[in-house]
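# Build me a model from this:
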Amino acid sequence: RGCGEDDEGIKESIKRIQERSDTNFSIDNQGTVWCGPRICVPAKKELRDLILKEAHQSAYSIHPGSTKMYQDIKAYFWWAGMKRDVAEYVALCDICQRVKAEHQRPAGLLQPLPIPEWKWEEIGMDFITGLPRTPSRYDSIWVIVDRLTKSAHFVPVKTTFDGKKLAELYMTHVVCRFGCPKKIVSDRGTQFTSRFWKQLHEALGTDLNFSTAFPSNS
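Here you go, the predicted structure:
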């Protein structure tokens, strides 16, 4: 409760409740603001980071992808921009960039990825899917993260987009703004393993690194 007293978003929700202009929000006898059955989390970074960490790194969660992690948190908590925060948190997780544990065969000790020398020299990318469809028919977010600065770029996409369409968006949102990266880390989604996508990055001189599937020769 104390965390929300100075939070403008919580104050605005309380105002709506008092004015009865938004029936989605309510406030209980202890002063806690609710969005339906979910607790409204104030804009306190340390509090939201704690929730994100627990949902992603606890012994019970074991590094879920952004879609599952969002669905898990969504059942209990709400805050404005939560989808984006979850997508960015997963995209910035070093372990998730290297491997998804449920798909990796036993191997030696994981080695940390080397730190890039320049901004947008190496990037990671992932999708957050299963979102409500927007008026423009977008139903997913393409999360692209610079490994050096940890800054993230979010591109609205559709699950029906193929490698050619993603390549077009990639040129517009990444190459035209930041230049061609030397390395891309992604999972083995069909968009990223398509012949067109591979040929594009071969022409651009970008090394593609896949983090989730077994080697093709094993």
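
# what's near enough to touch residue 57?
Contacts here follow Cβ atoms under 8 Å, 6 or more residues apart in numbering; on that basis residue 57 touches residue 63. C-betas here are computed from N, CA, C, even on glycine.

# For it, give its distance to residue 64.
When distance is defined by Cβ to Cβ, to the nearest Å, residue 57 is 10 Å away from residue 64.

# Over to residue 44?
Relative to residue 64, residue 44 is positioned 23 Å away (criterion: Cβ to Cβ).

# okay, the two: which has more neighbours?
Just comparing residue 44 and residue 64: by other Cβ atoms under 10 Å the higher neighbour count belongs to residue 64, 18 against 15.

# helix/strand/coil for that one?
The three-state assignment at residue 64 reads coil, by DSSP: H, G, I helix; E, B strand; the rest coil.

# Residue 87 too?
Reducing the assignment to helix, strand or coil with three-state DSSP, the entry for residue 87 is helix.

# ok now stretch 79-96, how far from the chain's centre?
Using Cα atoms, centre = their mean, to the nearest Å, we find the averaged C-alpha position of stretch 79-96 to lie 4 Å away from the chain's own average C-alpha position.

# Let me know the pLDDT of the spatially most central residue of the chain.
Centroid check for the chain by Cα atoms, centre = their mean gives residue 87 as the closest residue, at 1.4 Å. As summarised for this prediction, residue 87 has a pLDDT of 86.

# pretty sure it contacts residue 65?
No - the pair residue 87 and residue 65 does not pass the contact test of Cβ atoms under 8 Å, sitting 9.8 Å apart.
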